[in-house]
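Novice: coordinates only, sequence not included:
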C-alpha cells in the first residue's frame, strides 16, 4: 500500500509537463526564500534567541508588560 | 513614543501586507476544490469525458493557485515570533494548539490526498479518486477552521485564564475556544464568502472563453456550476454575515460603531445603506458625521440586539460612558486596567523577593475559582489592556476606513447575488454567449470579488484597533522593540518577493487559460 502510494508520487512527478516543472521550481524557490533566507536572517524567534529558559522569557515579557508605555 | 508608533505602524503594515497577499490564494483554494469535486462527481456519475476534461482543466488552475499560495501563511507565524513576541508569548497555547491541529490534521490530510487528486487519474480507482478529491476540499476548509479559531480568540478571548507566573494565557476549556460564537461565525462567514470569490473566478475565466467563442460546453457548464454555487454561498453569506455582525455588536461595540459611523448611540437605530462620511468629524468636535446618508429604519437595532427598539452605543457612549445603559467610560476602564497591570507588577516583585505570603495572596486574584479571583478578573483584569492607553481617543479605530470597507463589502455582496441570478437565467436559456456586456461583467467580476473579500478583513482587523487581543492587549504592548529600519527592510523585501510570486502566478495562470483544456472541442 505504502509502496503503491510512493510510486504514485514518483510516477506523477516524472510525468509532469512544463507547467508542472515551473511550479515545482517556484515551490522550491519559495521554500528556500521563506525557510532559509527569511526565517534564519530576518525572522528569528526573538524570545527563543535571547533567552534560554521559559522562566527568563516569562520574566522578560512580564517586565515589558508591566512597564507603562509612554 | 513617536518611534514606537512608527514601529507599531510598520509592523502592522508588514503583517497586513502578508495577510492580504496570503488571502488572494486562500478563497480560491477553499471554493474551487468544492467545485472541482462537484465536477468530478458529475464525471463519476455520467462517465461523460467532457466532464473529465473540464475537471482536469480547473484542477490545473487550482494547482497553480495552490502552489504559489502554499506556505505564504507560514510567514505570518514567523512574524508573530519576531515582530509580535510579547503577544506571541502572552497568548500561549491558545494560538499554538489550533495551529498545531491545523498542521497535523488538516494539512497532512490535504497534502496526502492532493497527490491522489493530481496524480491519481487512471492510477487509482475512480471511486478512491473521487473520495480523495472531496477530502482535499474538506481538508483545505478544515485548515481554514483552525487559523480562524485562533483569530476569533483575538477578537473574543474565551475559554482561557491568565497565569501570572508564566505571563501566558492558558486554555481551560478547548470547546469554549473552538466553539465560541465568534469562532463559529467567523469560520462560516470567511469560508462561505470565499466560495463566492472562487465562483467569480470560474465565471471570469468562463466568460473569457465565451467572449472568445472557445470551449463553449466547458464554459457554459462551468458557469452554471459556479453561478449555482455562488448563489447558494451568497444566501449563506447573508446569514453568516448577520451572525458575525451580531457578535461584533455584542463583543466589539466600538467596531460596530465605526462600521456604521455612529458617534452618538441611539435606540431604534437605522442601518446606513449608503452614506458619505464628513472627513472633518471626529470625537473631539461637533461636526455632523455624514454629508449624506440613506438609512434603513430600525435595522441596526434589530441586527445588533434582535430588538428594533434596543439601544446601540455610539463611539461617544463608549468613550465617555453612558450610565443609563451601563456603559463604563474609557477613563474608568483605563484606571481599572492600570490596577490590573500594577497587580501583575506586585506579583512579579513578590516572586523575585521570595515573599511567599504576598505571592499566595496575589495569586488568588488570578484564580477564577476563588472569590477574590472572581472579583478581580471580572472587574479589573477584564480591562487589562486599557491600562496601556494614554488617551481614551486611542480606542477609536479608523472610522472612515472601517465604514467604507464595510459598506463596499456589503454592496458588492448584493451585486454578486444579482450577477449570479442573471447569469443563471441566461445560461438556462442558453443565450449567455450573446450577452456581451454580461460576459465582460463576468470577466472582471473576480477583481470585485477580491476587493470584497479583502474589505471584509479590513473591517475585522482595522475595526478592532487598537487591540491585538480585544480588551487585553493593545498592539502597542504586543510589538517587539526592534528598530524601525529592520521592519522597513523586511517590509520592502516582502513586497518584492510577493509581487514577483504574484506575477509568476498570473503569467502561468493566463498561459494555462490561453492554452485551454486538452482535447477539448471548440
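Specialist: Noted; the coordinates are in hand. Please read all numbers here as calculations on a predicted model, not as lab measurements.

Novice: and the closest residue to residue B:134 other than its chain neighbours, how close does it get to chain A?
Specialist: Using C-beta to C-beta, 6 or more residues apart in numbering or on different chains and skipping residues adjacent in sequence, the residue nearest residue B:134 is residue B:37, 4.8 Å away. Every C-beta, even on glycine, is put in place using the N, C-alpha and C of the backbone. Separation of residue B:37 from chain A (C-beta to the nearest C-beta, to the nearest Å) stands at 19 Å.

Novice: in the helix or strand bottoming out on mean pLDDT in chain A, what's buried?
Specialist: When each helix and strand of chain A is scored by mean pLDDT, DSSP states H and E, helix A:2-14 comes last, with a mean of 78. Neighbour-count burial for helix A:2-14, counted by 16 or more other C-beta atoms under 10 Å in any protein chain shown, picks out A:8, A:12.

Novice: returning to that earlier point: show me the residues around the residue nearest to residue B:134 that make contact.
Specialist: Applying C-beta atoms under 8 Å, 6 or more residues apart in numbering or on different chains to residue B:37 gives the contacts B:130, B:133, B:134, B:136, B:137.

Novice: show me what contacts the residue in chain A that chain B sits nearest to?
Specialist: Nearest residue of chain A to chain B: residue A:12, at 2.9 Å (C-beta to the nearest C-beta). Residue A:12 makes contact with B:115, B:118, B:119, according to C-beta under 8 Å, 6+ apart.

Novice: most neighbours among the residues you listed, which one is it?
Specialist: Per-residue neighbour counts (other C-beta atoms under 10 Å in any protein chain shown) across those peak at residue B:118, which has 23 neighbours.

Novice: pretty sure it contacts residue B:59?
Specialist: Yes: applying C-beta atoms under 8 Å as the test, residue B:118 and residue B:59 come out as touching, 6.9 Å apart.

Novice: now, which of the contacts of residue A:12 lie close to chain A?
Specialist: Contacts with chain A are made by B:115, B:118, B:119 out of the contacts of residue A:12, judged by C-beta under 8 Å from any C-beta of the partner chain.

Novice: could you check how far the closest residue to residue B:213 other than its chain neighbours is from residue B:362?
Specialist: Closest residue to residue B:213 apart from its sequence neighbours, by C-beta to C-beta, 6+ apart: residue B:433 at 7.0 Å. For residue B:433, the distance to residue B:362 equals 74 Å [C-beta to C-beta, to the nearest Å].

Novice: and residue B:469, by the same measure?
Specialist: 22 Å.

Novice: how about low-confidence regions in chain A?
Specialist: Residue ranges of chain A with pLDDT under 70: A:68-70.

Novice: which parts of it sit against chain B?
Specialist: A:5, A:8-9, A:11-12, A:19, A:22-24, A:26-27, A:30-31, A:33-35, A:38-39, A:42-48, A:54, A:57-59, A:61-66, A:68-70.

Novice: out of the residues you listed, which sit inside strands?
Specialist: Counting by DSSP state E, no part of the residues of chain A next to chain B is found in strands.

Novice: type out the PyMOL command that picks the buried ones from the residues you listed.
Specialist: Buried residues among those (16+ other C-beta under 10 Å), as a PyMOL selection:
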select buried, chain A and resi 8+12+19+22+23+26+30+33+34+38+39+43+46+47+57+58+59+61+62+64+65+66
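
Novice: among the residues of chain A next to chain B, which are located in helices?
Specialist: Judged by DSSP state H, the residues of chain A next to chain B include A:5, A:8-9, A:11-12, A:19, A:22-24, A:26-27, A:30-31, A:46-48, A:54, A:57-59, A:61-66 as members of helices.

Novice: separation between the residue sitting nearest the centre point of chain A and residue B:374?
Specialist: In chain A, the centroid-proximal residue (C-alpha atoms, centre = their mean) is residue A:35; its distance is 4.4 Å. Applying C-beta to C-beta, the value for residue A:35 to residue B:374 is 46 Å.

Novice: ok, residue B:271 next?
Specialist: The gap separating residue B:271 from residue B:374 is 38 Å, by C-beta to C-beta.

Novice: higher neighbour count, these two?
Specialist: Counting neighbours by other C-beta under 10 Å for residue B:271 and for residue B:374 shows that residue B:271 has the greater number, 20 against 13.

Novice: phi, psi of the residue of chain B found nearest chain A?
Specialist: Residue nearest to chain A within chain B: residue B:119 (2.9 Å; C-beta to the nearest C-beta). Residue B:119 has phi and psi values of phi -100, psi -10 when expressed as degrees, to the nearest 10.

Novice: residues in the stretch 301-450 of chain B within reach of chain A, list them.
Specialist: B:338, B:341, B:342, B:344, B:345, B:348, B:387, B:388, B:390.

Novice: try 10 Å
Specialist: Taking C-beta under 10 Å from any C-beta of the partner chain as the criterion, the stretch 301-450 of chain B approaches chain A at residues B:338, B:341-349, B:351-352, B:384, B:387-390.

Novice: residues in contact with the residue positioned nearest the centre of chain B?
Specialist: Most central in chain B under C-alpha atoms, centre = their mean is residue B:457, positioned 4.6 Å from the mean C-alpha point. Applying C-beta atoms under 10 Å, 6 or more residues apart in numbering or on different chains, we find residue B:457 in contact with B:16, B:19, B:20, B:23, B:151, B:190, B:405, B:409.

Novice: helices of the stretch 101-250 of chain B, start to end?
Specialist: B:108-119, B:126-155, B:174-178, B:181-211, B:216-251 (DSSP state H, counting those that start in this stretch).

Novice: tell me the most buried of the ones you listed?
Specialist: helix B:181-211 (a mean of 24; mean count of other C-beta atoms under 10 Å in any protein chain shown).

Novice: quick one: that helix to helix B:126-155, angle?
Specialist: 130 degrees (axes from the mean of the first three to the mean of the last three C-alpha atoms, to 10 degrees).

Novice: now helix B:181-211: how far from the chain's centre is it?
Specialist: Centre-to-centre, helix B:181-211 and its host chain are 13 Å apart (C-alpha atoms, centre = their mean, to the nearest Å).

Novice: I'd like to know which elements that helix is packed against.
Specialist: The elements that helix B:181-211 packs onto, with contact taken as 3 or more C-beta pairs under 10 Å, 6 or more residues apart in numbering or on different chains; DSSP states H and E, are helix B:2-46, helix B:49-69, helix B:126-155, helix B:174-178, helix B:216-251, helix B:399-429, helix B:436-462, helix B:484-515.

Novice: tilt between the lowest-mean-pLDDT helix or strand in chain B and helix B:181-211?
Specialist: Of all helical and strand segments in chain B, the minimum by mean pLDDT, DSSP H and E falls on helix B:93-101, at a mean of 75. Counting by the same axes, to 10 degrees, helix B:93-101 lies at 40 degrees to helix B:181-211.

Novice: ok now helix B:93-101, how far from the chain's centre?
Specialist: Worked out by C-alpha atoms, centre = their mean, helix B:93-101 lies 18 Å from the chain centre.

Novice: quick one: that helix near chain A?
Specialist: No: using C-beta under 10 Å from any C-beta, helix B:93-101 stays clear of chain A, with a minimum separation of 12.4 Å.

Novice: contacting residues around that helix?
Specialist: By C-beta under 10 Å, 6+ apart, helix B:93-101 touches B:73, B:76-77, B:80, B:87-88, B:107, B:142-143, B:145-154, B:157-160, B:168-171, B:174, B:177-178, B:183, B:469.

Novice: picking that back up, in helices only, show me the residues of the stretch 301-450 of chain B next to chain A.
Specialist: Checking these against DSSP H, those in helices are B:338, B:341, B:342, B:343, B:344, B:345, B:346, B:347, B:348, B:349, B:351, B:352.

Novice: ok, now how distant is the third one from residue B:53?
Specialist: Taking C-beta to C-beta as the measure, residue B:342 and residue B:53 are separated by 69 Å.

Novice: these two: which is more packed in?
Specialist: A direct count of neighbours by other C-beta under 10 Å for residue B:342 and residue B:53 places residue B:53 higher, at 20 against 14.

Novice: touching, that one and residue B:218? I think so.
Specialist: Yes: counting by C-beta atoms under 10 Å, a contact exists between residue B:53 and residue B:218, whose distance comes to 7.2 Å.
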